[in-house]
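Participant: All I have is the shape, not the residue letters:
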């Protein structure tokens, strides 16, 4: 569906995407993860054929986005990072108008609009203007809009950023159904739980490059341990680095943070026993499974990027 | 860097032909806005009254003090002189309001066009669609205005029919330039410049007094600006004063139309498809 080799996007002197290779298979849910400024959105814009690659090869649905942009876009659904719904139109008109851009007849546009409003549970708001809708409703409408042309690929740029948990779960459930119908999903996110929920496969981007690739499970296995022990000490703050030094050799890796020490080990209980044996007495201990977040922070660092 | 620009430019510009279906879809979005609620109707209707109020206050009111006027070797009431100018002005303001205020808002603030460009629609099709709609709006004003002129005895029916196509050309020309202006605007403060320029043209383009009454340098300056040509074209046609000069005025407006569209399509592509 999507094939990229050595894809580069530069804006003047700034390199947003620095030579990435990506392949997405039909029916797959593929994720781009990365901190802000990693090049996810620039990549998405190239895939959605609104931004020409600076260099490298890009094929979408077997076509060249520079030559066949119009034909490719006819088969894509795009859900941008910021809602750009039309505030001058009603909820339903937002969908029927969008259908016209794809060359669908009015009758067909209305049929699909009603079907999609039902799918995203907005039928009762069909006649409302966009502005009074909640953030979650707008997001659902944007997703419905991206499906009006029955796309082969749906591109979602941070689909649930800024939504409350209820709205996120409803959205995930709808996206999961979409995937079950065989639609290929490509999404960017910096929510690790979202990536774990939705993605079959993902890449982690940092500084315009891909730093890791695989399924959520395989990434955890490769870049982290099965379990993580979180230890807090009463006099932590300044001394965490010293505590971490005393723990060296236990598990695979020790990571002192300002407020706690993370101990990466395949057997958390065994590691904790060893910590106690070394005479350390943490005030609180939490043993948990490793998550994608651990992988993410390990790969892209803890420094704030912007 | 050069190859980057070339690639970016060829992204959409090189595609052959213009799809009338997609241009039509851009237009039908505005029809949808009319269907969706009263907000847009208010904008549309209010835009019509300004030139009409000027016609009544200055053309008819001040005209009673001025008396008759002789232009093109003909003597006519002052209101009959002012009316065709107000007609040209309503074609201008109708189209400009649409392609500046509304297009700028959609371009910069609500990102309507970003959403549109995620579909098969191309920037040049947006430009054509918005210009067509702006011309429909301008022509809607001029059609009613011509009706008022005929009803008040300020133009013969034949003159009104001859002037109507000219007002369409005026709307197209100003609409196209308006599109370009929208792509160059930095923010709302720039609209003050635009409104001032528009008002200056409105006052001096042979609208309320013949340009021959100004000093020679002012007359030349006025003849460079676009509204003068629009007023001359529309006035001569509505009064039935034909001559080769008409072609010159029409040519000026045609060049405006072509240059405005070409530049607007390029700028939109650069802004929206970086």
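Facilitator: Yep, it's here. Note that the structure is a prediction, hence the values are computed from the model and not measured. Numbers count the residues shown, from 1 in each chain, chains lettered A, B, ... in the order given.
Participant: now residue B:233: how far from residue B:198?
Facilitator: 18 Å (Cβ to Cβ, to the nearest Å). (C-beta placed from N, C-alpha, C; glycine too.)
Participant: Most proximal residue of the stretch 101-250 of chain A with respect to chain B?
Facilitator: residue A:101 (3.8 Å; Cβ to the nearest Cβ).
Participant: who has more neighbours, residue B:233 and residue B:198?
Facilitator: The residue with more neighbours, out of residue B:233 and residue B:198, is residue B:233; 25 against 19, by other Cβ atoms under 10 Å in any protein chain shown.
Participant: Touching, the more buried one and residue B:251? I think so.
Facilitator: No - judged on Cβ atoms under 8 Å, residue B:233 makes no contact with residue B:251 at a distance of 10.2 Å.
Participant: tell me the contacts of residue B:239?
Facilitator: Neighbour list for residue B:239: B:72, B:74, B:76, B:80, B:84, B:155, B:159 [criterion: Cβ atoms under 8 Å, 6 or more residues apart in numbering or on different chains].
Participant: Which of the residues you listed sits closest to residue B:220?
Facilitator: Residue B:220 lies nearest to residue B:72 out of the contacts of residue B:239, by Cβ to Cβ, at 19.8 Å.
Participant: Tell me, how many residues neighbour that closest one?
Facilitator: 13.
Participant: Tell me the secondary structure of the closest residue in space to it that isn't next to it in sequence, please.
Facilitator: Spatially, and ignoring its direct neighbours in sequence, residue B:72 is nearest to residue B:241 (4.6 Å; Cβ to Cβ, 6 or more residues apart in numbering or on different chains). When classified by DSSP: H, G, I helix; E, B strand; the rest coil, residue B:241 comes out as coil.
Participant: Can you give me every residue that contacts the closest residue to the residue of the stretch 101-250 of chain A closest to chain B other than its chain neighbours?
Facilitator: In space, and not counting its chain neighbours, residue A:101 is closest to residue B:119: 3.8 Å by Cβ to Cβ, 6+ apart. With contact taken as Cβ under 8 Å, 6+ apart, residue B:119 is in contact with A:73, A:74, A:98, A:101, A:102, A:149.
Participant: try residue B:246
Facilitator: Neighbour list for residue B:246: B:233, B:236, B:237 [criterion: Cβ under 8 Å, 6+ apart].
Participant: again, only using 10 Å
Facilitator: B:166, B:232, B:233, B:236, B:237 (Cβ atoms under 10 Å, 6 or more residues apart in numbering or on different chains).
Participant: From the chain's centroid, how far away is the helix or strand where the first one lies?
Facilitator: Counting by DSSP states H and E, the secondary-structure element that holds residue B:166 is helix B:157-184. Between the mean C-alpha point of helix B:157-184 and the mean C-alpha point of its chain there is a distance of 4 Å (Cα atoms, centre = their mean, to the nearest Å).
Participant: Compute the inter-axis angle for the helix or strand that comes right after it and helix B:157-184.
Facilitator: Next helix or strand after helix B:157-184 toward the C-terminus (DSSP H and E): helix B:189-204. Angle of helix B:189-204 versus helix B:157-184, following axes from the mean of the first three to the mean of the last three Cα atoms, to 10 degrees, is 150 degrees.
Participant: helices and strands around the helix or strand following helix B:189-204, which ones?
Facilitator: The first helix or strand that comes after helix B:189-204 along the chain, using DSSP H and E, is helix B:216-224. Counting contacts by 3 or more Cβ pairs under 10 Å, 6 or more residues apart in numbering or on different chains; DSSP states H and E, helix B:216-224 is packed against helix B:189-204, helix B:226-239.
Participant: Tell me which of those helices sits most buried.
Facilitator: Here the criterion is mean neighbour count by mean count of other Cβ atoms under 10 Å in any protein chain shown, and of these the winner is helix B:226-239, at a mean of 25.
Participant: what angle separates the very next helix or strand once past that helix from helix B:216-224?
Facilitator: Heading C-terminal from helix B:226-239, the first helix or strand you meet, by DSSP H and E, is helix B:245-272. Per the same axes, to 10 degrees, the angle that helix B:245-272 makes with helix B:216-224 is 60 degrees.
Participant: three-state assignment of the nearest residue to residue A:265 once chain neighbours are set aside?
Facilitator: The shortest distance from residue A:265 to any non-neighbouring residue, by Cβ to Cβ, 6+ apart, is to residue A:251 (2.9 Å). With three-state DSSP as the basis, residue A:251 sits in coil.
Participant: quick one: which helix or strand includes residue B:120?
Facilitator: Using DSSP H and E, residue B:120 falls outside every helix and strand.
Participant: What are the boundaries of the helices in the stretch 1-150 of chain A?
Facilitator: Using DSSP state H, counting those that start in this stretch, the helices found in the stretch 1-150 of chain A span residues A:40-47, A:69-73, A:91-101, A:106-119, A:135-146.
Participant: What helices and strands are in contact with the shortest one?
Facilitator: In this case it means helix A:69-73. Packing partners of helix A:69-73 (3+ Cβ pairs under 10 Å, 6+ apart): strand A:55-60, helix B:2-13.
Participant: Give the buried residues for stretch B:265-274.
Facilitator: If you call a residue buried by 16 or more other Cβ atoms under 10 Å in any protein chain shown, then stretch B:265-274 has these buried ones: B:265, B:266, B:267, B:268, B:269, B:271, B:272, B:273.
Participant: Burial check on residue 85, number of neighbours?
Facilitator: Using chain A. Residue A:85 has 23 neighbours, counted by other Cβ under 10 Å.
Participant: that's the wrong chain, I wanted chain B
Facilitator: Other residues close to residue B:85 by other Cβ under 10 Å number 25.
Participant: Sweet, I'm off.
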